[in-house]
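Undergrad: Predicted model and sequence follow; I will ask about them next.
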Amino acid sequence: PKLLSVSVHKTLLLLEMVYSIFRLRGTKAQTLTLRALESQLESQHRDPTITRREIREQLNLILEHGNSAFTLSQDPIDGSRIVSLKPNPDIPKVRESIKRLRG
């Protein structure tokens, strides 16, 4: 699948932001709701031209191609989507997977 509407470069930058958010939370807090993660990314993003929709698209790509680093599950109680950082995330593998989308 080609990366059409979303820039590979911007997606790789967002990947680093996602990873940083989890690293800064410490080892005990390796899960966030998808909504909370999106909100943090929106508030911390330095590019004023990026839209909420672009962040959501990029984050979806990261999660779709980042199964060596992240898991996405659903809370059985309230149905919210939960993003978790795996214990030994392979971020370089995720980067390579995203770079291959340039196709």
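TA: Cool, got the structure. This one's a predicted model, so the numbers in the text were calculated from it and none came from an experiment. Numbering: from 1, shown residues only.
Undergrad: for the helix or strand hosting residue 43, packing partners?
TA: Residue 43 belongs to helix 34-44 when assigned by DSSP states H and E. Counting contacts by 3 or more CB pairs under 8 Å, 6 or more residues apart in numbering; DSSP states H and E, helix 34-44 packs against helix 8-25, helix 52-65, strand 81-85. Glycine gets a C-beta too; all of them are placed from N, C-alpha and C.
Undergrad: That helix vs strand 81-85, what angle?
TA: 70 degrees (axes from the mean of the first three to the mean of the last three CA atoms, to 10 degrees).
Undergrad: What lies in contact with helix 34-44?
TA: 14, 17-18, 21, 32, 52, 55-56, 59, 72, 80-83 (CB atoms under 8 Å, 6 or more residues apart in numbering).
Undergrad: Run through the residues that contact the most centrally placed residue in the chain.
TA: Nearest to the mean C-alpha position of the chain, by CA atoms, centre = their mean, lies residue 59 at 4.1 Å. Residue 59 makes contact with 14, 18, 34, 37-38, 41, according to CB under 8 Å, 6+ apart.
Undergrad: I'd like the distance between it and residue 77.
TA: Per CB to CB, to the nearest Å, residue 59 is found 23 Å from residue 77.
Undergrad: In contact with residue 45, which residues?
TA: By CB under 8 Å, 6+ apart, the neighbours of residue 45 are 14, 17, 55.
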